[in-house]
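K.L.:
Predicted model and sequence below, questions to follow.
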Amino acid sequence: MEFQVRDARLTDIERITALIERTDSRWNSAELNQVADLLRQLVYLPNAAVLVAVENKPVVGVAVLALRPSVAANGLVGALDLLAVEPGSGADEIAGALLREVVRSARNKGCRELEIALTDDPAEHAQWVKLGFQAAGQRLIYSLARVPVTTR
């Protein structure tokens, strides 16, 4: 499987929301329209990154990084706000490539930590821990001062 990870463009937004609709059932049509509007804004903001994995033209994965200042972290904290990947063969490879690019982008933007929201799914929690994230209250945090993330 050959795919490319790159910054999202405005022309990708419809394909991104279609991917989210196929892979994540928590949003209805009206909410997906709001998601699309927000993604259009995030594409241009310096304190965010919208990344896509594309295979030919189709978007097969998306990740959204949002930055916030944190006194507790003594700098910026990046939040992996969204990670959605087309199910099927190659999904782990695509997710790993997107995550590596999120980590790179967060480092380049000066983040001290990368966090994700803690889920109730123990298997998902274990996957994040395997990638180097650590539990911190209701969040999982990946320290950007550590060794680069590996997918295997």
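P.N.:
Yep, it's here. Keep in mind the model is a prediction, meaning the values are calculated, not measured. Numbering: from 1, shown residues only.
K.L.:
distance of Val102 from Gly132?
P.N.:
Remark: distance between Val102 and Gly132 (CB to CB, to the nearest Å) = 13 Å. The way it works is simple: take the backbone N, C-alpha and C, and place the C-beta from them, glycine included.
K.L.:
er, Glu113 I mean
P.N.:
12 Å.
K.L.:
And the biggest helix by length in the chain, what's buried?
P.N.:
Assignment by DSSP state H gives helix 91-108 as the longest helix of the chain. Of all the residues in helix 91-108, those buried under the rule 16 or more other CB atoms under 10 Å are 93-99, 101-106.
K.L.:
now, among those residues, which is nearest to Asn56?
P.N.:
Using CB to CB, Ile94 comes nearest to Asn56 of those, at 13.6 Å.
K.L.:
Report pLDDT for that closest one.
P.N.:
Per-residue confidence for Ile94 comes out at a pLDDT of 94.
K.L.:
My read is that it contacts Ala53, right?
P.N.:
Yes: counting by CB atoms under 8 Å, Ile94 touches Ala53, with 4.8 Å between them.
K.L.:
for the protein, what are the low-confidence residue spans?
P.N.:
For the chain, applying pLDDT under 70 flags the ranges 138, 146-152.
K.L.:
how would you label Glu21: helix, strand or coil?
P.N.:
Assigned state for Glu21: helix (three-state reduction, DSSP: H, G, I helix; E, B strand; the rest coil).
K.L.:
thought it was touching Asn33?
P.N.:
No: taking CB under 8 Å as the definition, Glu21 is not a contact partner of Asn33, at 10.9 Å.
K.L.:
quick one: which of those two has more around it?
P.N.:
Shown here are Glu21 and Asn33; by other CB atoms under 10 Å, Glu21 has more neighbours (15 against 12).
K.L.:
so how far is Asp92 from the more buried one?
P.N.:
To Asp92, Glu21 is 22 Å away according to CB to CB.
K.L.:
show me where the protein has helices.
P.N.:
Going by DSSP H, the chain shows helices at 13-23, 29-42, 91-108, 122-130.
K.L.:
Out of the ones you listed, which gets nearest to Ala63?
P.N.:
Nearest to Ala63 among the helices of the chain is helix 91-108 (4.2 Å), distances taken as CB to CB.
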